[in-house]
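Trainee: Sequence first, predicted coordinates after that:
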Amino acid sequence: MAKILCVIGTRPEAIKMAPVILALKKEAWADVRVLATAQHRHMLDQVNEFFGIDPDIDLNIMRPNQALTALTARLLLELDDVLQVEKPDAVLVQGDTTTVMTMALACFYHRIPIGHVEAGLRTWDMQNPFPEEANRVITGKLAHWHFAPTEGSRQNLLREEVPDTEIIVTGNTVIDALLVTAARDLELPIPLDPSRRLILVTSHRRENFGEPFRNICRALRTLAENNPTVQFLYPVHPNPNVKDVAHEFLAGLPNFTLCEPLDYAPFIAVMKRAYLILTDSGGVQEEAPALGKPVLVLRDETERPEAVKQGVVKLVGPNYDRIIQETQRLLDDELAYREMACGISPYGDGHAAERIVKILREHFT
Ligand code: UD1
Ligand code: UDP
């Protein structure tokens, strides 16, 4: 049997790796081991519980308000220990977090082949998103299998001279997870007035910390005050750089609910119920178009240009005036709204995990 170590650190990694782990566990040739670095604690546990994934190894690495250098240093040492004991035949990582980049480096030192799920996303700007663009580039240099979600991400890898034979376009596993979950009978986590429109908000990017995030919050406050019949729901990321500012600017507005991060299924239920989504999340930019929900992205750049090109996602940056102008347009102009709410899925068809497993099966059997 081939020992495959699947690594998860944060909420989105757990969501997007779950379909791969569950598909691999059905393979007779694969001895699947799940390693949680727990770069996130509660948000990782929320997802694992939903998908029924019980990590074999848990490094419990998260510290409050962790700094990137300290997180990286601790992860590298702990991951090195894991690899010495586990000696996997291959390691799978997903996305662009510090967990991914450090695992890719540790595997390189141990000469263990790495499979990168969601490979090839690029903005070509090292500062945006920070530090994720660097994490992807480093992981892309070290990976053996590049599971690219789209043809565009394949082209990005070719531009970096990754051999064509190492790139497999699979679709994004986020859509595998979404389709299975959205088909369930989902319950809303909080009571919402069905007669009032809902704007869903999420935000957590490090490059927005400080004044850009304050601008986002100021714009949200103005929008809520100017549109008292619209409901706003913002599950706040627990990073203190986000949480403290969000509460400072937005607590106490009658039509604005701030809540803890939602479990995955209730979050999908809220997305389905939303009229419009304002976010800087990568995963939400992929999920919302598949649910037919317009997205305004609270960033200046995106590594997910496909939905922008198709006109269902628009970049507004952390820019007070643009956030207000574009949101108000979608609230007031029904035609503009309908053009963005058409329901497309440029990021996958729900079978990405099968394609990833097929490549590994062919290699190991
Ligand atoms: C991380 C990733 C980012 C990803 C995001 C998904 C890096 C550098 N960043 O950002 O790419 O988009 O996750 O959400 O890898 N915290 C908790 N409980 C939790 C999770 C986080 O309290 O369950 C708080 C802690 O104070 C922690 C802080 O959030 O120190 C930051 O966590 P960290 O993983 O370093 O960064 P994120 O901003 O979450
Ligand atoms: N999500 C969730 N609960 C929430 C907010 C988001 O389960 O309260 C899910 C969402 O459906 C998506 C993922 O978390 O699949 C996105 O994670 P996040 O925005 O933290 O990270 P990113 O995708 O930006 O790396």
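Mentor: Now that the structure is in, tell me what you want to look at. Just so it is clear, the structure is predicted and the values come from calculations on it, not from any experiment. Ligands and ions are numbered 1, 2, ... in the order given.
Trainee: alpha carbons only for contacts and neighbour counts from here, please
Mentor: Will do.
Trainee: For the lengthiest helix in the chain, buried residues please.
Mentor: With secondary structure taken from DSSP state H, the chain has its longest helix at helix 68-86. By 16 or more other C-alpha atoms under 10 Å, the buried positions in helix 68-86 come out as Leu71, Thr72, Leu75, Leu76, Leu79, Asp80, Val82, Leu83.
Trainee: Paired strands for whichever helix or strand comes after it, with orientation please.
Mentor: Sequence order places strand 90-94 as the next helix or strand after helix 68-86, per DSSP states H and E. Each strand that pairs with strand 90-94, with its direction, by DSSP bridges: strand 2-8 (parallel), strand 114-117 (parallel).
Trainee: after strand 90-94 comes which helix or strand?
Mentor: Assigned by DSSP H and E, the successor of strand 90-94 is helix 98-110.
Trainee: and that following helix with ligand 1, contact?
Mentor: Yes. Shown here: helix 98-110 in contact with ligand 1 (C-alpha under 6 Å from any ligand atom) through Thr98.
Trainee: Which residues of this protein lie near ligand 2?
Mentor: So far as C-alpha under 6 Å from any ligand atom goes, the chain lies against ligand 2 at 11-12, 235, 261-264, 267-268, 281-284.
Trainee: In CSV, list the residues you listed along with secondary structure.
Mentor: As requested, these are exported to CSV (DSSP: H, G, I helix; E, B strand; the rest coil):
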residue, secondary structure
Arg11, helix
Pro12, helix
Pro235, strand
Pro261, coil
Leu262, coil
Asp263, coil
Tyr264, helix
Phe267, helix
Ile268, helix
Ser281, coil
Gly282, helix
Gly283, helix
Val284, helix
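Trainee: Tell me the one of these nearest Ala38?
Mentor: Taking C-alpha to C-alpha as the measure, Ala38 lies nearest Arg11 of the residues of the chain next to ligand 2, at 9.2 Å.
Trainee: OK, contacts around that closest one?
Mentor: Neighbouring residues of Arg11 by C-alpha atoms under 8 Å, 6 or more residues apart in numbering: His40, Met43, Leu44, Val47.
Trainee: Drop the exposed ones from the residues you listed and show what's left.
Mentor: His40, Met43, Leu44, Val47.
Trainee: Helices - which of these land there?
Mentor: Met43, Leu44, Val47.
Trainee: now, which of those residues sits nearest ligand 1?
Mentor: Proximity of these to ligand 1 was ranked by C-alpha to the nearest ligand atom; the top entry is Met43 with 3.9 Å.
Trainee: quick one: the closest one and Thr10 touch, right?
Mentor: Yes. Assessed by C-alpha atoms under 8 Å, Met43 is found in contact with Thr10 at 7.1 Å.
Trainee: Now do the contacts for Phe147.
Mentor: Gly115, His116, Val117, Glu118, Ala119, Ile167, Ile168, Val169, Thr170, Ile356.
Trainee: Tell me who's in contact with the fifth one.
Mentor: Going back to what we said before, that points to Ala119. Neighbour list for Ala119: Gly95, Arg136, Gly140, His146, Phe147, Ala148, Pro149, Ser153, Arg154, Leu157 [criterion: C-alpha under 8 Å, 6+ apart].
Trainee: ranges for the strands of the stretch 101-250 of the chain?
Mentor: In the stretch 101-250 of the chain, the strands defined using DSSP state E, counting those that start in this stretch lie at 114-117, 145-148, 167-169, 198-202, 231-235.
Trainee: Residues touching the first one, excluding its own?
Mentor: Outside strand 114-117, the residues that touch it by C-alpha under 8 Å, 6+ apart are 17, 90-95, 104, 107, 139-140, 142-148.
Trainee: Indicate the residue of the stretch 151-300 of the chain located nearest to ligand 1.
Mentor: Nearest residue of the stretch 151-300 of the chain to ligand 1 (C-alpha to the nearest ligand atom) works out as Asn239 at 3.3 Å.
Trainee: That residue contacts Asn65, correct?
Mentor: Yes. Counting by C-alpha under 8 Å, Asn239 touches Asn65, with 6.4 Å between them.
Trainee: more crowded one of those two?
Mentor: Of the pair Asn239 and Asn65, Asn239 is the one with more neighbours under other C-alpha atoms under 10 Å, namely 15 against 10.
Trainee: Identify the residues contacting the more buried one.
Mentor: Asn65, His204 are the contacts of Asn239 under C-alpha under 8 Å, 6+ apart.
Trainee: from here on, count from 38
Mentor: Renumbered: residue one is now 38, and that last one reads Asn276.
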